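Asks: model the following, please.
(one chain, ligands or ions: 1)
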Amino acid sequence: MKIKGFLKDVTGASRVTKARLSAFENASAVPEKNDPIADVVAQWHPKKFDVKIVDIRDASPTAKTVRFVRADGQKLPFFYAGQFVVLDFKIGNSIISRPYSLSSAPFEARMENSFAEITVRRSKGDGFIADYVNTELKVGDTLQAMMGCGQFYYEPLRDAKHVVALAGGVGITPFASMAKEIANGTLDFDLTILYGSVASDDIILKDELDALKSDKVHVVHVLSGDEPDWKGERGFLSAELIKKYSAPDTSYFICGPQAMYLYLREELKKLGAPARRVRFEVFGQAKDITKFSGYPVALTNHVFNLTVRRGIHEDVIPAKATESLVVALERAGIRIETACRSGECGFCRTKVLSGSVYVCPENDGRRAADKDFGYVHACAAYPTSDLTIKIPIE
Ligand code: FES
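Replies: Just a heads-up that it's a prediction; the model follows:
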């Protein structure tokens, strides 16, 4: 009986093989130009597409929420709550890319009047694009977008049913997206957001968040500043406070400035949280690379010669020791593909042909093979000598 079944499987497989072989033999040797499936994929999930700004509103006294739609009138591509969009800003002769976590929910992008939103806080003098978004971007402007980036989303096979979100500043945005999706019934887990701010005026998206509170979504504001009338939690997101809101099995999602991540990593160690239960999203590049472990501080004021090869082109540009290779390239008007800008995604993967770089260990998202073969993620690599790199032609 078993042998008969086995023979049937073998003959069945050989029939399939013949059919497939004949399909291969008759197939065109050149890529199909009018492939309807590729057309559908490109339409629903284009790599890059134009978006139009349709609304800009206050998210706090220091932050704006920017709503955009697809410029061609189609629905926006699918994304998971917690993922980010990369927006290309054309400023003067330069195109500058920035990643922003989406503060709107995926279901809002699937609706008939499909839209998405980002929320951006004004910088404290060190964020050119953040200030541009807050002061110069206008309704009707168009930008180029790449959507559905990053790994910072809830995955039921990996994450606990109860998630404590630890947010600082504008790091609230991916959790706002998750909370909206849970409230809509299209995402199912228990979310407790511990949101740290200095002052009540700093709380971003406060009204929207408070309106989402339910038995599935808890929002706890924690103020570190001295505000006598404040009735909620005070202080920092300490181990003690986190424990108060944790269940026996909890996943911890962290989003905020890098300093906050370094601090929270230690607090979660005090709680004995296993590494598989801790996930984080760091915004952008290190603010002060000299503070990171192993950085050669003696080089801080050096400016090196960076030779950039693109096909047959070669340029030599200045590269400051304290700025990433991506910043040096952008400053020189040389475009390099980026997405996360925090060393994680690999979009800016670059071959170092000669010379040396410092790669901050906290942001080293390279694969082992890339390390062996001299590739770096240019957004997380800092020159420590004159060097030559090879980047793809845009
Ligand atoms: S842009 Fe993601 S690793 Fe550099």
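Asks: any idea what residue 162 is bridged to?
Replies: residue 190, residue 250 (DSSP bridges).
Asks: likewise residue 376?
Replies: Assigned bridge partners for residue 376, using DSSP bridges, are residue 350.
Asks: that one and the ligand: what is the separation?
Replies: According to Cβ to the nearest ligand atom, to the nearest Å, residue 376 and the ligand sit 9 Å apart. (C-beta placed from N, C-alpha, C; glycine too.)
Asks: list the contacts of that residue.
Replies: Shown in contact with residue 376 (Cβ atoms under 8 Å, 6 or more residues apart in numbering): 325, 349, 350, 352, 357, 359, 366, 370.
Asks: Three-state assignment for residue 213, please.
Replies: coil (DSSP: H, G, I helix; E, B strand; the rest coil).
Asks: let me know whether it touches residue 220 as I believe.
Replies: No: contact criterion Cβ atoms under 8 Å: residue 213 and residue 220 do not qualify, at 9.9 Å.
Asks: neighbour count winner among these two?
Replies: Legend: neighbour count by other Cβ atoms under 10 Å for residue 213 and residue 220, higher for residue 220 (18 against 14).
Asks: following the helix or strand containing the more buried one, which helix or strand comes up?
Replies: According to DSSP states H and E, residue 220 maps onto strand 217-223. Tracing the chain past strand 217-223, the next element assigned as helix or strand by DSSP H and E is strand 233-234.
Asks: neighbours of the residue of the stretch 51-200 of the chain found nearest the ligand, how many?
Replies: Going by Cβ to the nearest ligand atom, the ligand is nearest to residue 99 of the stretch 51-200 of the chain, at 7.7 Å. For residue 99, the count of nearby residues is 24 (other Cβ under 10 Å).
Asks: surely it is in a strand?
Replies: Yes: membership of residue 99 in a strand is supported by three-state DSSP.
Asks: what residues are bridge-paired with it?
Replies: residue 86.
Asks: what sits against it?
Replies: Residue 99 touches 84, 85, 86, 149, 150, 283, 284, 338, 339, 340, 341, counting by Cβ under 8 Å, 6+ apart.
Asks: before we move on, what about residue 116?
Replies: Per Cβ under 8 Å, 6+ apart, neighbours of residue 116: 67, 68, 69, 76, 79, 85, 102, 104, 108, 109, 147.
Asks: same thing but at 10 Å, please
Replies: 51, 66-70, 76-77, 79, 85, 102-106, 108-109, 145, 147, 177 (Cβ atoms under 10 Å, 6 or more residues apart in numbering).
Asks: pLDDT weak spots in the stretch 51-200 of the chain?
Replies: Within the stretch 51-200 of the chain, the segments meeting pLDDT under 70 span 125-126.
Asks: if you look at the contacts of residue 116, which of them are in strands?
Replies: Those of these mapping onto strands are 51, 66, 67, 68, 69, 70, 85, 145, 147, per DSSP state E.
Asks: got those residues as a markdown table, with neighbour count and distance to the ligand columns?
Replies: Below are those laid out as a markdown table (neighbours: other Cβ atoms under 10 Å; distance: Cβ to the nearest ligand atom, whole Å):
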| residue | neighbour count | distance to the ligand |
| --- | --- | --- |
| 51 | 25 | 20 |
| 66 | 25 | 21 |
| 67 | 19 | 25 |
| 68 | 25 | 21 |
| 69 | 19 | 25 |
| 70 | 20 | 23 |
| 85 | 25 | 14 |
| 145 | 23 | 15 |
| 147 | 23 | 15 |
